[in-house]
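Visitor: could you look at this predicted model? Sequence included:
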Amino acid sequence: MNKIKIYDKTFVPYIPHDELIGCIDKVAAQINRDFAGATDVPVVLCILNGAVIFTGELMQRLDFPCQLVTTKMTSYVGTSTTGEVKQTLPLTTSLKGRRVIIAEDIIDTGLTLVAIKKILSEEGVADVKVCTMLFKKEAYRCDETIDYIGKEIPNRFILGFGLDYNELGRNLKDIYVLEED
Ligand code: 5GP
């Protein structure tokens, strides 16, 4: 893997594809264990756009009947959070009374998670579990429980495997990190 340049920034290889797949195998096995024998149809809620690749990989590994629902949340501009989270596409279906597994690419400050949980509570869901591929523990400043974590990473800006820098880089198979000065 080589360095890549996107716009004005250089990114260096960080988490190889195979390691990401191992993280997804791990959380999928935990979810399968917790949802074994489900008689309802739990919902996997993909938070667009960043979680699209993670959710696709995760769902292929779930062995109980489940439904895909999406919504889009926006908070990042460039390489940092604006601190203001907006729902820029509504839920694709009502989730009243449903069990929901939130599928996030990365949890950073946790503000997006808090905003999603508020939306789900207003919807009247039956239960919420939170699953994230990556977790920036040092940056997290909320109390919400995160049920399934693929991998903890330091507080640095990354891209690839669904994550972008100003909408570029989502198609990279591996994850790259912003090169330090
Ligand atoms: P939070 O609301 O937890 O601060 O941020 C969550 C969202 O911010 C993620 O779903 C993702 O879209 C974006 N985000 C957080 N950290 C990074 C990062 O290092 N790289 C990229 N590309 N997006 C990030």
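Guide: Good, I have the coordinates.

Visitor: so where do the strands sit in the chain?
Guide: Along the chain, the segments classed as strands by DSSP state E run 4-6, 9-15, 43-48, 67-77, 80-89, 99-107, 127-135, 148-152, 158-159, 175-178.

Visitor: dump the ones you listed to JSON lines, plus distance to the ligand, mean neighbour count and mean pLDDT.
Guide: For glycine as for every other residue, the C-beta is placed from the backbone atoms N, C-alpha and C. As requested, those are exported to JSON lines (distance: least, Cβ to the nearest ligand atom, whole Å; neighbours: other Cβ atoms under 10 Å; pLDDT from 0 to 100):
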{"stretch": "strand 4-6", "distance to the ligand": "11", "mean neighbour count": "15", "mean pLDDT": "97"}
{"stretch": "strand 9-15", "distance to the ligand": "10", "mean neighbour count": "16", "mean pLDDT": "98"}
{"stretch": "strand 43-48", "distance to the ligand": "6", "mean neighbour count": "23", "mean pLDDT": "98"}
{"stretch": "strand 67-77", "distance to the ligand": "4", "mean neighbour count": "17", "mean pLDDT": "93"}
{"stretch": "strand 80-89", "distance to the ligand": "5", "mean neighbour count": "12", "mean pLDDT": "90"}
{"stretch": "strand 99-107", "distance to the ligand": "5", "mean neighbour count": "24", "mean pLDDT": "98"}
{"stretch": "strand 127-135", "distance to the ligand": "8", "mean neighbour count": "22", "mean pLDDT": "98"}
{"stretch": "strand 148-152", "distance to the ligand": "13", "mean neighbour count": "19", "mean pLDDT": "98"}
{"stretch": "strand 158-159", "distance to the ligand": "4", "mean neighbour count": "23", "mean pLDDT": "98"}
{"stretch": "strand 175-178", "distance to the ligand": "8", "mean neighbour count": "22", "mean pLDDT": "98"}
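
Visitor: how much space between residue 18 and the ligand?
Guide: 20 Å (Cβ to the nearest ligand atom, to the nearest Å).

Visitor: to residue 114, which of the strands of the chain lies closest?
Guide: strand 80-89 (7.8 Å; Cβ to Cβ).

Visitor: elements contacting the closest one?
Guide: If contacts are counted by 3 or more Cβ pairs under 8 Å, 6 or more residues apart in numbering; DSSP states H and E, strand 80-89 sits against strand 67-77, helix 111-123.

Visitor: next, the angle from that strand to strand 43-48.
Guide: Angular relation of strand 80-89 and strand 43-48 on a 0 to 180 degree scale: 130 degrees, by axes from the mean of the first three to the mean of the last three Cα atoms, to 10 degrees.
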